[in-house]
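Asks: Got a predicted structure plus its sequence, pasted below:
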Amino acid sequence: MNAIVQYVVNSSTLEVSWIKITNATQDSFIMSIDSRVTGTGPMSSTMSAMELDMSGPGGAFGRLRLPEIKTKSTGTQVEVRDQMIKITNMEAFKAFVKALIQDESLILRLENGHATIKALFANAKIIYAKDIHLKGMNGPKTIMVKTEGHGKNFTNVMRSTNPSPVEMDLGTLNESIVNANGKKIAEQTGTVYLMRGETDFVMAGSVTGVAAEGDARIVGLSVEEDNWNNLTIPYLNTATTVTEKFIAFCKTNA
C-alpha cells in the first residue's frame, strides 16, 4: 500500500501561482503561497500536515509547514498564509534570492516531508518531495518613466516588470545608476515593493556630475532597514532606460 501511494504522490504536480516574501529580519521572513495540487488520482484522500525543507540552487535554507490537504481528482488548492520562515542556511538562502532576482527560471524544491495519507479505509506513510518550477525576475527589467529635478536633486518614477510569481518587499532601497563606462551617474533612494507584473515606485536622489552616456544600469547598494536584504540587494544589477529630462539634468550638473 505504501509503495502504491508513494508512486501516486511522486507522480502528482504542485504548481505555484503566487509567493509573497515580506517582513525581512536578519534571519527570517514571512511567506505566503498560493498553489494547486493535481494528478493525485481518481480517489479523494487526505494528506496530513507536515514540515518540509525548502531548497534552492545552494541547498536547503528553511523549513515550510504545509497544511492538511484534502485531494480531489479535479485538483486541490493549497494555501500558506503569513508563515514565519527561519533561515537555516544564509549562504543557501542568498543563492536562492540571487537566482530569483537574476535568472529567467529556477527550481524551488520541497523535500524531506513525512506525512500520512488516508484513502478509503487505509493509511499510508509517505515521504514528500517536489520540484516547483518558477519563473525568475530576470533583472527585473526596469525603466525610468518620469524625472523631476532642482539643483543636483531629483525625483524619478521607475517601473519594474516582474515575470515571476514571487513578490518581495525590498524595504527602503539605496541604489546607484551607472553609465555604459561603469561610472556612477547618480544615487537614489525609495521604498520598493516588487509586485507581480509592473510596479511603479518613486526614487529620490542626487547626481554626481558624471554624464549619462549610452546604456545605463541600476545597481543595488543597500537597504535602510537592518535585515538580510543588505546581503542580497547587490544581486540587483539590471539594465535601465533613462528619460531625456534625466540626461539633460545630468548635463546641467556636469
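Replies: Thanks, I have the structure now. Numbering: from 1, shown residues only.
Asks: got a list of contacts for stretch 59-66?
Replies: Residues from elsewhere that reach stretch 59-66, judged by CB atoms under 8 Å, 6 or more residues apart in numbering: 31, 49-55, 78, 80, 83, 85-90, 92-93, 95-96, 110-111, 113, 128. Backbone N, C-alpha and C define where each C-beta goes, glycine included.
Asks: right, and residue 48 touches residue 68 too?
Replies: Yes. Applying CB atoms under 8 Å, one finds residue 48 in contact with residue 68, separated by 5.9 Å.
Asks: And the two? Which one has more around it.
Replies: residue 48 (17 against 11; other CB atoms under 10 Å).
Asks: can you give me phi and psi for the more buried one?
Replies: phi -70, psi 160 (degrees, to the nearest 10).
Asks: quick one: the host helix or strand of residue 248 to chain centroid distance?
Replies: Element membership for residue 248, per DSSP states H and E: helix 244-252. From the chain centre to the centre of helix 244-252 is a distance of 33 Å (CA atoms, centre = their mean, to the nearest Å).
Asks: quick one: average pLDDT of it?
Replies: Across helix 244-252, the average pLDDT comes to 90.
Asks: buried sites along that helix?
Replies: 246-247, 249-250 (16 or more other CB atoms under 10 Å).
Asks: What is that helix packed up against?
Replies: If contacts are counted by 3 or more CB pairs under 8 Å, 6 or more residues apart in numbering; DSSP states H and E, helix 244-252 sits against strand 141-150, strand 153-162.
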